[in-house]
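Undergrad: Here is my input, please return the structure:
(one chain, ligands or ions: 1)
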Amino acid sequence: MKRTDGYELWLSYSPYSESMTKKYSAIIKNVYTALGSEILDAVSDEIELAFSSLLDTNFLLERNETVRFNNSSLLIAPYDHLDDDLCARLPPNKLPDGDGYSILSIQDSILITGLTEKGVLYGSFYFLRLLQTGKSIENLSIVSSPAVKWRILNHWDNLDGSVERGYAGKSLWKWKELPKLIDPRYKDYARACASIGINGAVLNNVNTQVYILSQEYIEKAAAIASIFRHFGIRIFLSVNFSSPALLGGLGTADPCDKNVIQWWKEKTAEIYSVIPDFGGFLVKADSEGQPGPYIYGRDHADGSNMLGRVLEPYGGIVIWRAFVYGQGETDRAKKAYSDFKPLDGKFLSNVCVQVKNGPIDFQPREPIHPLFGGMDKTNIFMELQITQEYLGQGNHLVFLAPMWKEILDFDTFANGKGSTVGSFLAAKADVKRITGISGVSNIGSDKNWCASLFHPANWYAFGRLCWDNTLSVEEIADEWAVCTWGANQKVLEAVKYILMNSWQACLDYMTPLCLHHIMRYNHHYGPDPACDEGSREDWKPKYYHRADSAGLGFDRTRNGTDAVDQYHKPVADMFDDIKTCPEKYLLWFHHVPWDYKLSSGRSLKEELSYVYEKGVKEAEDLRNKWLETKPELDKKRFESVLDKLNIQYEDAKEWRDVCLSYFLKFAEGEK
Ligand code: GCW
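TA: Next comes the predicted model:
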């Protein structure tokens, strides 16, 4: 009996069909894997586990130092573990770069190889996915390498077990029990991450507790690292920039002070002595109350480079966030660019600036952040949010892959046409740059990991898109759906319908035409365009929607805050002109008169009503589609998803009613 609680995620290894199982079993009679390391052992274990349900015959699994050719076999080993005869049988030019993999048919056998053990790990999981999704495993000639070097989950987990913006229970990390007790979930988490190519995990919240750097916590983190290492995952820690003062007892944390530098050197040496493959530090500095170099009259380059120098001898990196806003800027959307752009070229080669996908804060839709394509002499990481802080949290089923594709496919024109964000982040040819994408995790202690049986789709899509941003949304949806839900066509049809249509529904019932930040104060769930709470103007919905009797939307054109000119010229011109600004971004860039006619022929006022109504209908359709799975599914899974979709539908109506009654008053000249 397969589990139905979602714990196995997309790794339940349910056979696709009897006929495919027969075919696979006829091809794979023996499995030969390389011995030699923790990663290779993890690969063998995974293959054994998977084949016990994906094949219907007994197979031989042999682990050897060197792998040689055998008929009717699956051969799994890094290139330097293949014997000479097997190397000679490899077709020419079929080795991947870096941590990539090759999956090649050689006569009646299949070889999974790569230059590194990690490559073999990723290739093995890819191969298992072929079997889970019922694909042919004949005539294979697959070569694949990751688009970006670092594919990292950022956990906003606090050391007391709570999770900032977490909707799936408590933190996975049981700090109180560590390092003595190792929860088996650490391994299952790492398996799931490795299966989609994730190679880094920041364990703790960017809003830090300083004692993460105490000896006690470093040892706890080391215990987690010792599990993750088997799956090619390196750990990172978020650190408080003022740690030398707050934890070390120094009178300052000035990055130019020699005692401060010495403190960081010693702390870093202490970390590497127990975590030799430690990834590095993530820092939220001078942002939302977190201390940073500004306190000492230094800038982001001074602060991050100091840490970069300290980590450099160990091969560690600094990930320095660009999520800053505050004094001295008329438009919050402009602040990060204004602060960071002048520093381009000043950051050390192991310092990476991590930029949220959009200029504000993980809204249902944002135009891209102008720092993508805006800083070409700096390592830039993109930060996506997998946890749905502003998109219905653990209650709304919203598949984020379409949003992320829109972001990755956006053409910045940084080097002329075709300079997409995805190609900028990947920059495969540019070996000097460190590239990366981080995702704020949606994972917690809930049995199903992510708040519902659907939410793991976003964890999955994140990993897959980091590896290969040319994958289509459909491909990712297909893979996740079959691996998670099995091959029942009716169920698959409903699952895919929800995946493919849910983001559009969410946009329509929450933030049509790129309205943004109109959620309730602080917890960000539900609509509250009238909200006046908060100590800062740029935390209030009114700051963003700017509704008045003349119209709606934030004027970021050259007549307004001129945020448009932070983009490259053709893009800036396109956004600036209301006629060429894509309607999906309209209210982000323009204060639009209520009677302005949109491409639909409707006025803004009419369009707003139309889209909110459409969103409600779309949410209802998601639910109705799911009802069709009732005869096909167990009660538990059917009902758990239905419960969420019912909430989503009710919430969609609330969004429509609250927003329309508020905005239309302005349109009707009442305020
Ligand atoms: O907008 C905010 C979130 C905070 C988060 C912050 C950030 C970790 O609401 O919860 O803090 O973004 O990204 O630093």
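Undergrad: Grab the nearest non-local neighbour of residue 193.
TA: residue 233 (5.8 Å; CB to CB, 6 or more residues apart in numbering). Any C-beta I mention is one placed from the backbone N, CA and C, and that applies to glycine too.
Undergrad: just checking, that neighbour touches residue 195?
TA: No: here residue 233 does not reach residue 195: they are 11.4 Å apart, not a contact under CB atoms under 8 Å.
Undergrad: What is the neighbour count of the residue nearest to residue 193?
TA: Using other CB atoms under 10 Å, residue 233 has 25 neighbouring residues.
Undergrad: go on, the one 10 residues further on?
TA: The criterion is other CB under 10 Å. On that basis, residue 243 has 23 neighbouring residues.
Undergrad: Model confidence score at it, please.
TA: Residue 243 carries a pLDDT value of 98.
Undergrad: Then residue 488?
TA: 96.
Undergrad: I figured it was touching residue 631, is that so?
TA: No: counting by CB under 8 Å, residue 488 sits too far from residue 631 to count as a contact (10.4 Å).
Undergrad: Compare the two (neighbour count), which wins?
TA: Higher neighbour count among residue 488 and residue 631: residue 488, with 14 against 7, using other CB under 10 Å.
Undergrad: show me what contacts that one?
TA: residue 632 (CB atoms under 8 Å, 6 or more residues apart in numbering).
Undergrad: what does the average pLDDT come to for the longest helix anywhere in the chain?
TA: Longest helix of the chain, by residue count under DSSP state H: helix 635-667. Mean per-residue pLDDT for helix 635-667: 98.
Undergrad: helices and strands around that helix, which ones?
TA: Contacts defined by 3 or more CB pairs under 8 Å, 6 or more residues apart in numbering; DSSP states H and E place helix 635-667 against helix 489-510, strand 551-552, helix 604-627.
Undergrad: Can you spell out which residues form a bridge with residue 287?
TA: Judged by DSSP bridges, the bridge partners of residue 287 are residue 290.
Undergrad: Now the residue nearest to residue 193, what are its backbone angles?
TA: For residue 233, the backbone dihedrals (degrees, to the nearest 10) come out as phi -110, psi 130.
Undergrad: Also residue 350?
TA: According to degrees, to the nearest 10, residue 350 has phi -110, psi 20.
Undergrad: mind listing the helices for the stretch 351-500 of the chain?
TA: Per DSSP state H, counting those that start in this stretch, the stretch 351-500 of the chain carries helices over the ranges 401-408, 421-426, 456-467, 473-485, 489-510.
Undergrad: could I get these as CSV with distance to residue 659 and mean neighbour count?
TA: Shown next, in CSV, are the helices of the stretch 351-500 of the chain (distance: least, CB to CB, whole Å; neighbours: other CB atoms under 10 Å):
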stretch, distance to residue 659, mean neighbour count
helix 401-408, 20, 24
helix 421-426, 30, 22
helix 456-467, 25, 26
helix 473-485, 27, 21
helix 489-510, 8, 21
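Undergrad: If you average pLDDT over each of those helices, which is lowest?
TA: helix 421-426 (a mean of 92).
Undergrad: Packing partners of that one?
TA: strand 379-385, helix 401-408.
Undergrad: Now distance to residue 90 too, for the ones you listed, in CSV please.
TA: Shown next, in CSV, are the helices and strands packed on helix 421-426 (distance: least, CB to CB, whole Å):
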stretch, distance to residue 90
strand 379-385, 34
helix 401-408, 33
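Undergrad: can you tell which of those is closest to the ligand?
TA: strand 379-385 (7.7 Å; CB to the nearest ligand atom).
Undergrad: Give me the contact list for that closest one.
TA: 150, 152, 154, 165, 319, 321, 323, 347, 349, 351-357, 362, 371-372, 400, 404, 407, 421, 424-425, 433-440, 462.
Undergrad: Name every strand pairing with it and say which way it goes.
TA: By DSSP bridges, strand 379-385 pairs with strand 351-356 (parallel), strand 436-440 (parallel).
Undergrad: list the contacts for residue 669?
TA: residue 549.
Undergrad: how much space between it and residue 578?
TA: Using CB to CB, to the nearest Å, we find residue 669 at a distance of 22 Å from residue 578.
Undergrad: Repeat that for residue 158.
TA: In terms of CB to CB, residue 158 sits 44 Å off from residue 578.
Undergrad: These two: which is more packed in?
TA: For residue 158 versus residue 578, neighbours defined as other CB under 10 Å are more numerous around residue 158 (20 against 16).
Undergrad: residues touching the more buried one, list them.
TA: 164, 171, 204-205, 207, 209.
Undergrad: Check residue 510 too.
TA: Residue 510 touches 364, 391-392, 518, 527, 615, 655, counting by CB under 8 Å, 6+ apart.
Undergrad: For the strands paired with strand 379-385, give me TSV that also has mean pLDDT.
TA: TSV is the format used below for the strands paired with strand 379-385 (pLDDT from 0 to 100):
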stretch	mean pLDDT
strand 351-356	98
strand 436-440	98
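Undergrad: For residue 58, find the nearest of the ones you listed.
TA: Nearest to residue 58, of all the strands paired with strand 379-385, is strand 436-440, at 39.9 Å by CB to CB.
Undergrad: Who is the spatially most central residue of the chain paired with across the strands?
TA: Central residue of the chain (CA atoms, centre = their mean): residue 439, 2.9 Å from the mean position. On the basis of DSSP bridges, residue 439 is bridged to residue 153, residue 384.
Undergrad: just the contacts of residue 510 now: which is nearest residue 65?
TA: Once CB to CB is applied, the member of the contacts of residue 510 that ends up nearest residue 65 is residue 391, at 50.0 Å.
Undergrad: The closest residue to residue 29 other than its chain neighbours: how many residues sit nearby?
TA: Distances taken as CB to CB, 6+ apart put residue 72 closest to residue 29, at 4.1 Å, once the chain neighbours are dropped. When neighbours are defined as other CB under 10 Å, residue 72 has 14 of them.
Undergrad: try the one 5 residues further on
TA: Neighbour count for residue 77, taken as other CB under 10 Å: 28.
Undergrad: same question, residue 600
TA: There are 11 residues near residue 600, going by other CB under 10 Å.
Undergrad: Might you report the residue contacts of residue 493?
TA: residue 628.
Undergrad: Check the gap between it and the ligand for me.
TA: The gap separating residue 493 from the ligand is 36 Å, by CB to the nearest ligand atom, to the nearest Å.
Undergrad: Near the ligand, which residues of this protein are found?
TA: Applying CB under 6 Å from any ligand atom, we find that the chain lies next to the ligand at 156, 164-165, 206-207, 284, 288, 323, 361, 389.
Undergrad: Can I get those in a markdown table including pLDDT, distance to residue 41 and neighbour count?
TA: Listed next are these as a markdown table, based on pLDDT from 0 to 100; distance: CB to CB, whole Å; neighbours: other CB atoms under 10 Å:
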| residue | pLDDT | distance to residue 41 | neighbour count |
| --- | --- | --- | --- |
| 156 | 98 | 32 | 21 |
| 164 | 98 | 35 | 14 |
| 165 | 98 | 36 | 18 |
| 206 | 98 | 34 | 25 |
| 207 | 98 | 37 | 15 |
| 284 | 98 | 37 | 25 |
| 288 | 93 | 43 | 12 |
| 323 | 96 | 39 | 21 |
| 361 | 97 | 42 | 18 |
| 389 | 98 | 38 | 22 |
